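Q: what would the 3D arrangement of this be:
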Amino acid sequence: MSKIVLASASPRRKELLEQIGICFTVEVSSIEEVITKTVPQEVVMELATQKAADVKKNLKEDAVVIGADTIVVCNSAEGEKILGKPKSEEEAFRMLKELQGNVHQVYTGVALCYAEEITTFFECTKVHVYEMSEQQIWDYIKTGDPMDKAGAYGIQGRFAAYVKGIEGDYNNVVGLPVGRLYQELYKLNLL
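A: Numbers count the residues shown, from 1 in each chain. Modelled structure (predicted):
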């Protein structure tokens, strides 16, 4: 069994890995993320790889490093629009205004760095959101919940009141497709 390291400070990713019984440690990447891709699934896999590779190069022992990155993608008149974490309450409002009453996609890319190998994959989940009034959006923002989450919401928190339904992996929307992750680790004989 390989030592497993999660290259993320996300408490949600930590909880999801614990939920499926994986023993791991946490080492947070300190790199500045650089996006060179434009296709959502390529963006998240690129960022996940950057995080995992950064942590892997600083480890003194052999380990499997898990990097992950999540984005929200909504469709606008200009095409696909990637929503990261809001930098202000006003930006959170604009994001939630776009998502309310619509369907969007949540992409999570995962990178596994082990030995001299890197394996990447992604999951995509569609999220249907009920219509929200401006007051409901501001009330949600005032909870502080949107500020550290891609797309300005957390499906596992108060925003659940506005989720009409999903198509795909719920855990992917939380931030880590742990079922797929477990299967990939098992297939690569890393568990």
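Q: report the contact partners of residue 171.
A: Residues counted as contacts of residue 171 (Cβ atoms under 8 Å, 6 or more residues apart in numbering) are 16, 177, 178, 179. Heads up, the C-betas are built off the backbone N, CA and C, glycines and all.
Q: so it sits in a helix?
A: Yes. Looking at residue 171 with DSSP: H, G, I helix; E, B strand; the rest coil, it is inside a helix.
Q: roughly how far apart are it and residue 127?
A: Per Cβ to Cβ, to the nearest Å, residue 171 is found 13 Å from residue 127.
Q: neighbours around the closest residue in space to residue 58 that isn't next to it in sequence, how many?
A: Spatially, and ignoring its direct neighbours in sequence, residue 58 is nearest to residue 27 (7.3 Å; Cβ to Cβ, 6 or more residues apart in numbering). Residue 27 sits with 19 neighbouring residues when counted by other Cβ atoms under 10 Å.
Q: adding neighbour count and distance to residue 47, write the contacts of residue 171 out as a markdown table.
A: Below are the contacts of residue 171 laid out as a markdown table (neighbours: other Cβ atoms under 10 Å; distance: Cβ to Cβ, whole Å):
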| residue | neighbour count | distance to residue 47 |
| --- | --- | --- |
| 16 | 23 | 18 |
| 177 | 28 | 15 |
| 178 | 21 | 19 |
| 179 | 15 | 21 |
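Q: in helices only, show me the residues you listed.
A: 16, 178, 179 (DSSP state H).
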